[in-house]
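1. return a 3D structure for these sequence lines:
(chains A and B)
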Amino acid sequence: MKKPDFDVIIIGSGPAGVTAAFPFLKAGLRVLMIDGGYQATVTPPSKAFLSARSQDADQWRWMIGEDFYALKNLGGVSPKLRAPTHDFAFKNFANESQISSHDFVAIGSLATGGLSNAWGCGVARLSESELSDFPCSTSDLFRSYATVSDRIGISGSQHDDLSDYFGLDAWSQPPIQMDTLHEFLYTQYVNRRTKVTQNGFRLGRSRVAVLSGDRPGRSACDLSGNCLWGCHRKSLYSATDELTSLRLHSNFYEAHGFIVDELIRNGEILSVGARRNGTRERQAFSARKVILAAGTLATTRLALHALRYEQAVPLLSCPTGAFLLWLPRFLGLPRKPAFALGQLSFTLPLCQEISAFGSTFNVTGIPLSEFARHLPLRRRNTIDLLKGLLSSCLVGNVFLPGNLSTSTASLRADGSLFISGGYSDDIPALMTKIAKHLRISYGQLGAKILPGSFRMGLPGSDIHYAGTLPMKMNPSLGQTTPLGELHGCRGVHVVDGACLPTLTEKSHTLTLMANADRIGRAVASQMSNSQ
Amino acid sequence: MKIVITGATGYIGSRLTALALERGHDVILASRRDPCIPNVQWFYFELSSIVPVELPPQTHAIIHLAANTSSSHSVDDEAELFAARSLLAASQHVEAKFIFVSSQTSRPNAPTMYGRNKWRIEQAVISSGGWVVRPGQVYGGCVQGLFGTLVVATRRHPILPKFLPAPHIQPVHVDDFAIGLLRIVENDIPAGIYCLGSPKSVDFADFLEAIAKFRVRRFRLFVPIPVFIVKLAGSIRSHPAKSPSNIDRLISLLELPLMDTAADIELLELSLRPLPDGMHASGSIRRRCLLREGHAFLCYLLKTAPTFSLLRRYVRTVERLRDGLPLALPELFLRYPFFMPLIENHTSTSSRYLDEFNWRLDAVTLLAEATPQGAIRFLGSGSKFGIGISLLCITRAISGEIFWRLLCFISSPILKRWGRRREGEQ
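-> Sure thing, here's the model as predicted:
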């Protein structure tokens, strides 16, 4: 019988893919990593945001883009989708991956490093009870959480009300310095804790995959405020940066610039059919195992296509909202350099099972135009108003558990994946409740949610997708085993968001990475034993 | 097609050459000096030469543009006729179309020798089955030819004449005229005399005013001058000069016979551009309108004049991402962007015009923000910022909003009429 080209093929080089790669490489297996191959083309600012803004005459190159990227995407749901420096991370995803959607913002990546090139760096560990639906031992997963957290670098460790909620302090660096507004909010919270926490509201530092202390090859955050545009210090974790460590292994192989569109089993060998990105040229790779880490949506299409499974599968996605928080006391505060990702996070229990999670951000790095478009004033007045107001404002976001989404994904006869988006009927009421409680809680801290600023996001705009091929103890078709192995398709393991059985309101990236590590280890040891 | 062009270095000739090359023709130039255009053949040709001309084999057409227009290089009128005849013979020898560019002044009893001579050449061309094209007032493009003289004069003199009774001219843009010539070369057009110029004649003073407004971009005062004074001046000159002087030119202009051009323009499938477009150096006023529109938007948002590179970015945005056409904002807003809030209507987004307006406003907001100017205006960086300034900004925004809403309410009848007229135009 013909020998396969590789032991393992990993499809996708995002957080799940690189995490799964390490254990296979350590076990001495020949690993091929395939990805769409897009690389960053626009250089992020090398100066701090505020100095770049006031000095760089060519700032439009990274704020708008030479091909007017930001203006082409004026309709995009988030400022991140307009940053030209992130174009490569989202480029051509839906088209090339054969994904279409209705009432759903379908985002994915064909870039090396995947969506981690443009993520919010939010990390959290799931608790024992939240892991109850995971068909694996929690201690295994906790061990993987430790490994991954240690590897990627997390900051935010501080003994506060969210220490247990995040559960990561053992592996975290100290938090990044807060800005004046957050500093004030937090002091207020500590002083008025008894009163503020009556409705269950809890506040603490955000735990983020951003460095507060230097590491080899990456520097600590210096508050340049370029988080949205790309950090030239590499303080923010990106899976791209891990390729350097992977390449230290001589058994690591890469195939960038390929879009995998089919999986075929041929006896003991799995064959992966790929198209060279942007061409019709085809190439096949073979291996004993295939690890699907292409991102939930792309992975789901590949898996359902391999199974020829045409029934709709549930797609978990966190209903989301956003708001603008005003601290009147700081009216007239000059803009200062600040960390632009989550600084403080909150949790808010809504009823028995449901609780909301969110973070607040400094607004300096976000273009004022992003806010101006939504204000019902004449544009010149809008600019005046926001210029006076925004420096004393924070933006906040809020996430609800993914099971409140009613979105589904289904394979169509032409082999494409169709996603139909929707929220559970309870969502509008829940959002109103959140807005009300946050108004009260933040009000007690001396901050006001600006009237009319609380807005609900479209289904899918959270970009937290999961659960299409959930791991089950006894999986049926369209589900996966506790090791992520696709039921009905031996040797194909799903390691990204797609195989998570639950999606809580917490950021899920670290969980899917821990799970990828767990599966990678187990499968790697199985393979070495069988050899 | 292989085309020989005489007078290719002149005002019409250089545009004709460029357009012929653009359309993929094989162009051979005949002139006194080699203009050295890459991949274009050249041979020496002079109106006063008596050496017989030989045309390259397989020449499809010859366009005879060379003419004695300058007073310095005087060429004998007989020599000009001789040169035309010699070219005509050469074209018959290789069976090429002969196209002669004549003049609107051409007639047997023309006041100038120039016009009478053109008429004689025309007769020769027609009798041997060639094509004659009489241009109206050719204008646009480079500052050359009679158009060039007029542009220079308009630029130089703050006061210009308005002759009474008003002489009328029939303008045609140099590119439109050149395309007309190429249509005769390319298509199966019957031989004969063709007149190319605006079917509707234009008062000469209005033409000068268009030059002042769209080309020179200055205000010019027009002083009425009765025509008989000019004629008097002409008759005082003792001897009619060999070559046409400016006064002679003027007199021939005043006595121009009106040409009937509508049928010829239709036959050649030409559409002549409007004067404001043609007067612009690029041959179209579109980009200038876009620049003015961008300028108005950016001044409105930035409260200061934008840099030129920012303006250019606006134009490129509209050209690359939209239809590239200006919004046709009323002059009031282009000139005084301060009034922009009057047409900024956030509530009604029903019409396509408003959608486009709002898109451009959003785009211009981001374009304006992504500049160092924008950092000052949007972030308050580089200047003092404190609670006083913040309060001032907020108060100004709110009071401004109230003011403009009231003004919009009061002026709503006028605005509605403008809206209806715009819809009518669309």
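2. okay, CA-based contacts and neighbour counts for the rest of this
-> Will do.
3. which ones are touching A:Ala372?
-> A:Ala372 is in contact with A:Arg379, A:Thr382, A:Ile383, A:Leu386, counting by C-alpha atoms under 8 Å, 6 or more residues apart in numbering or on different chains.
4. neighbours around A:Pro216, how many?
-> Other residues within reach of A:Pro216 by the criterion other C-alpha atoms under 10 Å in any protein chain shown amount to 5.
5. go on, the one 4 residues further on?
-> Other residues near A:Ala220 number 17, with proximity taken as other C-alpha under 10 Å.
6. that one touches A:Cys231, doesn't it?
-> No: here A:Ala220 does not reach A:Cys231: they are 10.6 Å apart, not a contact under C-alpha atoms under 8 Å.
7. the stretch 351-500 of chain A: helices as residue ranges?
-> A:369-372, A:379-389, A:427-444 (DSSP state H, counting those that start in this stretch).
8. in the longest one, what's buried?
-> In other words, helix A:427-444. A:427, A:430-431, A:434-435, A:437-444 (16 or more other C-alpha atoms under 10 Å in any protein chain shown).
9. how about CSV for the residues you listed, with pLDDT and distance to chain B added?
-> As requested, the buried residues of helix A:427-444 are arranged in CSV below (pLDDT from 0 to 100; distance: C-alpha to the nearest C-alpha, whole Å):
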residue, pLDDT, distance to chain B
A:Ile427, 95, 28
A:Leu430, 95, 29
A:Met431, 96, 26
A:Ile434, 96, 29
A:Ala435, 96, 25
A:His437, 96, 28
A:Leu438, 96, 25
A:Arg439, 96, 23
A:Ile440, 95, 25
A:Ser441, 96, 26
A:Tyr442, 97, 22
A:Gly443, 96, 21
A:Gln444, 96, 23
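10. show me what residue of the stretch 201-350 of chain B gets nearest to chain A.
-> B:Leu301 (5.3 Å; C-alpha to the nearest C-alpha).
11. got a list of what the closest residue to that residue other than its chain neighbours touches?
-> Nearest residue to B:Leu301, sequence neighbours excluded (C-alpha to C-alpha, 6 or more residues apart in numbering or on different chains): A:Arg380, at 5.3 Å. Going by C-alpha under 8 Å, 6+ apart, A:Arg380 touches B:Tyr300, B:Leu301, B:Ala397.
12. tell me the mean pLDDT for stretch B:30-50?
-> Averaged across stretch B:30-50, the pLDDT comes to 83.
13. return the residues of chain A in contact with chain B.
-> Chain A comes close to chain B at residues A:50, A:53-60, A:63-64, A:68, A:71-72, A:331-335, A:367-369, A:373, A:376-389, as judged by C-alpha under 8 Å from any C-alpha of the partner chain.
14. and the helices of the stretch 351-500 of chain A: which comes nearest A:Ser359?
-> helix A:427-444 (11.8 Å; C-alpha to C-alpha).
15. picking up where we left off before, which one of the helices of the stretch 351-500 of chain A lies nearest to B:Arg273?
-> That would be helix A:379-389 among the helices of the stretch 351-500 of chain A, by C-alpha to C-alpha, at 36.4 Å.
16. so A:Val290: helix, strand or coil?
-> strand (DSSP: H, G, I helix; E, B strand; the rest coil).
17. burial of it, as a residue count?
-> A:Val290: 26 neighbours (other C-alpha under 10 Å).
18. equivalent analysis for the one 3 residues further on, please.
-> The burial count assigned to A:Ala293 is 31, neighbours taken as other C-alpha under 10 Å.
19. A:Asn251 too?
-> 18.
20. same deal with B:Glu344?
-> 18.
21. so what touches the helix or strand where B:Leu21 lies?
-> Taking DSSP states H and E as the definition, B:Leu21 sits inside helix B:11-22. Helix B:11-22 is contacted from outside by B:5-8, B:26-27, B:65, B:142, B:144-145, B:174-175, B:178-179, B:182, using C-alpha under 8 Å, 6+ apart.
22. among those, name the ones in helices.
-> B:Gly145, B:Val174, B:Asp175, B:Ala178, B:Ile179, B:Leu182 (DSSP state H).
23. list phi and psi for the residue in the stretch 201-350 of chain A that chain B sits nearest to.
-> Chain B sits closest to A:Gly332 of the stretch 201-350 of chain A, with a gap of 3.8 Å, by C-alpha to the nearest C-alpha. Backbone torsions of A:Gly332, given as degrees, to the nearest 10, read phi 90, psi 10.
24. and what of B:Leu392?
-> The phi/psi pair for B:Leu392 (degrees, to the nearest 10) is phi -60, psi -50.
25. and it, how far from A:Asp261?
-> 59 Å (C-alpha to C-alpha, to the nearest Å).
26. so for these two, which sits in the more crowded spot?
-> When B:Leu392 and A:Asp261 are compared for neighbours, A:Asp261 comes out ahead with 20 against 15, by other C-alpha under 10 Å.
27. wasn't the more buried one part of a strand?
-> Yes: secondary structure of A:Asp261 (three-state DSSP): part of a strand.
28. wait, A:Pro45 touches A:His232, no?
-> Yes: A:Pro45 lies in contact with A:His232 (C-alpha under 8 Å); the separation is 7.3 Å.
29. between those two, who's got more neighbours?
-> A:Pro45 (23 against 18).
30. tell me the secondary structure for that one?
-> Taking three-state DSSP, the label given to A:Pro45 is coil.
31. for the stretch 1-150 of chain B, what spans make up the strands?
-> In the stretch 1-150 of chain B, the strands defined using DSSP state E, counting those that start in this stretch lie at B:2-6, B:26-31, B:41-44, B:61-64, B:97-101, B:131-135, B:137-139.
32. I'd like those strands as CSV, with distance to chain A and mean neighbour count appended.
-> Listed next are those as CSV, based on distance: least, C-alpha to the nearest C-alpha, whole Å; neighbours: other C-alpha atoms under 10 Å in any protein chain shown:
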stretch, distance to chain A, mean neighbour count
strand B:2-6, 40, 24
strand B:26-31, 36, 23
strand B:41-44, 40, 16
strand B:61-64, 44, 25
strand B:97-101, 46, 25
strand B:131-135, 43, 23
strand B:137-139, 36, 24
